[in-house]
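A.B. asks: Need the 3D shape of this:
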Amino acid sequence: MTDVDGLYTANPRTDPEARRIGELADVSEEALARTAGTSAGGTGGMTSKLEAARLASKAGIGVLITSGHLPGVLVAALGGEDRGTYVPPAQRRSAHRRQIASGGPARGGLIVNDGAIAALRERKASLLPIGLVRVDGEFARGELVELRDGSGRVHGRGLVNYSSEECRRLVGRHSSEIASILGFCGYDAVVGRDNLALSEV
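C.D. replies: Residues are numbered from 1 along each chain as shown. Okay, here's the model as predicted:
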């Protein structure tokens with residue numbers, strides 16, 4: 001919610017030809033540059049709103065930028081009326097992944113190496129035991145854990161296939177060794193790709 005009813009092609013306070021943009025399919029660098037300083041929407045804060053909208057969009061969440069001064073604007077927008085600038089989700093996360101991403105506090109953390117982080121992000125891989133560096137906290141199989149790098153930055157969350165004690169025994173080992181180490185092998189991965197939601201920031 002802001003002091004204008006969306007993003008415009010120019011400053012509507014100074015340009016009578018300015019028109020409101022009903023939907024912005026992609027928050028590009030060009031769109032951000034256009035709103036720098038005194039924005040195309042008529043307020044200097046539009047750039048930060050677009051940056052926030054871009055992050056939300058990448059996470060699979062739609063964003064509406066609209067005026068906080070118009071009575072009933074949210075009801076109208078939710079009813080399908082064109083009331084602002086809508087930034088649609090860039091990708092749609094499944095309900096399962098949305099629940100992982102936002103569903104309550106994590107029970108522990110898996111510290112992973114840079115190679116594992118690159119594999120998760122670039123190749124959409126599962127987290128294998130060889131990528132583990134350390135295990136923080138205590139958790140059971142199937143519980144929610146954070147995936148962190150060595151500096152503590154959180155890169156995602158997932159449902160873990162092994163308990164904290166089992167994960168500690170698997171740190172840095174190959175998937176082919178799981179059965180000999182634990183006496184069983186339920187999964188090749190510590191966190192499977194389908195049970196993983198990566199952070200956007």
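
A.B. asks: use CA for all of it now, contacts and neighbours both
C.D. replies: Fine.

A.B. asks: per-residue confidence for Asp136?
C.D. replies: Asp136 carries a pLDDT value of 97.

A.B. asks: thought it was touching Ala106?
C.D. replies: No. Counting by CA atoms under 8 Å, Asp136 does not reach Ala106; the two are 10.9 Å apart.

A.B. asks: Which secondary structure state does Ser180 sit in?
C.D. replies: helix (DSSP: H, G, I helix; E, B strand; the rest coil).

A.B. asks: Just the mean pLDDT for stretch 21-34, thanks.
C.D. replies: 79.

A.B. asks: CA atoms only for it, dumped as CSV, please.
C.D. replies: The C-alpha trace of stretch 21-34 is given here as CSV (Å, rounded to 0.1, in the frame of the first residue of the first chain):
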residue,chain,number,x,y,z
ILE,A,21,0.5,-0.2,-15.6
GLY,A,22,-2.1,-2.7,-14.6
GLU,A,23,0.3,-5.7,-14.6
LEU,A,24,4.1,-5.9,-14.6
ALA,A,25,5.1,-9.3,-15.8
ASP,A,26,8.7,-8.9,-14.8
VAL,A,27,10.4,-6.4,-12.5
SER,A,28,13.4,-5.8,-14.8
GLU,A,29,16.5,-3.7,-14.2
GLU,A,30,14.9,-1.2,-16.7
ALA,A,31,11.8,-0.9,-14.6
LEU,A,32,13.8,-0.3,-11.4
ALA,A,33,16.0,2.3,-13.2
ARG,A,34,12.9,4.1,-14.4
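
A.B. asks: most remote residue from this structure's center?
C.D. replies: Distance to the chain centre peaks in the chain at Pro16, reaching 38.0 Å (criterion: CA atoms, centre = their mean).

A.B. asks: Please identify which helix or strand holds that one.
C.D. replies: Following DSSP states H and E, there is no helix or strand that holds Pro16.
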